[in-house]
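In: Provide a 3D model corresponding to the input given below.
(2 chains)
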Amino acid sequence: DIQMTQSPASLSASLEEIVTITCQASQDIGNWLAWYQQKPGKSPQLLIYGATSLADGVPSRFSGSRSGTQYSLKISRLQVEDIGIYYCQQASSAPWTFGGGTKLELK
Amino acid sequence: EVQLVESGGGLVQPGRSLKLSCVASGFTFSNYGMNWIRQAPGKGLEWVAYISSGSSYIYYAETVKGRFTISRDNAKNTLYLQMTSLRSEDTALYYCARGLYPGYNWFAYWGQGTLVTVSS
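Out: Just a heads-up that it's a prediction; the model follows:
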């Protein structure tokens, strides 16, 4: 199975700050990587797919990048509505696996 | 508008069975593979099972293999998860989810979830 190691587990940042979350895949998954945001009491929302493509309706301050088997989610200017838990997910092969999550809080 | 509505959750004793349903609308259900994904209280996301559009391909997480059965009825636009031999560690909110495009398992659409609690 492909393991997805996400870091950090938690993150405290200020408004307008740049935030970066990373995810390391245990093997080559190409661009088969997605990022999700989950707000308290809500279902997860797809943010990024194909490692770098922005899902419909997602603000442009979110972006995804890839370097080998390491993937990053960047929020360029943190807003209040960005607070939540972020997950990466590999879509390369079954079993489809998620990272452990990053809890993003306001400082 | 794509909608996924789960039902069938509840409190069940260890070792018993439960069947979840997910009714889909707003898209051609028979064109898409479907998934069940769960989230234990206060924990992360765990993919549980996948069924292809025509039910030819089915995959399970190791944690549920042999105990859970995913199925679908394309005529009724409904996805199912039959859960047997339930354990306390199966306690979770169960979501059904659809990929962004046919054959692409980026989970673009999620239901609101149905809560399964396994306890005596």
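In: what about residue A:94, how many neighbours?
Out: When neighbours are defined as other CB atoms under 10 Å in any protein chain shown, residue A:94 has 17 of them. Every residue, glycine included, has its C-beta placed from N, CA and C.
In: hang on, it packs against residue B:59?
Out: Yes. Taking CB atoms under 8 Å as the definition, residue A:94 is a contact partner of residue B:59 at 4.0 Å.
In: May I ask you to confirm that residue A:89 belongs to a strand?
Out: Yes. Using DSSP: H, G, I helix; E, B strand; the rest coil, the assignment for residue A:89 is a strand.
In: For it, report the pLDDT, please.
Out: For residue A:89, the model assigns a pLDDT of 98.
In: And the residue nearest the centre of chain A, its phi and psi?
Out: In chain A, the residue lying closest to the centroid (CA atoms, centre = their mean) is residue A:35, at 3.8 Å. Torsion angles at residue A:35 (phi, psi; degrees, to the nearest 10) stand at phi -120, psi 140.
In: List the contacts of residue 106.
Out: This is for chain A. A:12, A:13, A:14, A:15, A:78, A:80, A:83 (CB atoms under 8 Å, 6 or more residues apart in numbering or on different chains).
In: should've been chain B
Out: Counting by CB under 8 Å, 6+ apart, residue B:106 has contacts A:34, A:46, A:49, A:50, A:89, A:91, B:99, B:100.
In: can you tell me how far residue B:112 sits from residue B:11?
Out: 19 Å (CB to CB, to the nearest Å).
In: Just give the nearest non-adjacent residue to residue A:29, would you?
Out: residue A:92 (3.9 Å; CB to CB, 6 or more residues apart in numbering or on different chains).
In: Show me which residues of chain B sit near chain A.
Out: B:35, B:44-47, B:50, B:59-62, B:95, B:100, B:104-108, B:110-113 (CB under 8 Å from any CB of the partner chain).
In: one step back: need the overlap of contacts for residue A:94 and residue B:59.
Out: The contact lists of residue A:94 and residue B:59 share residue B:50, where a contact means CB under 8 Å, 6+ apart.
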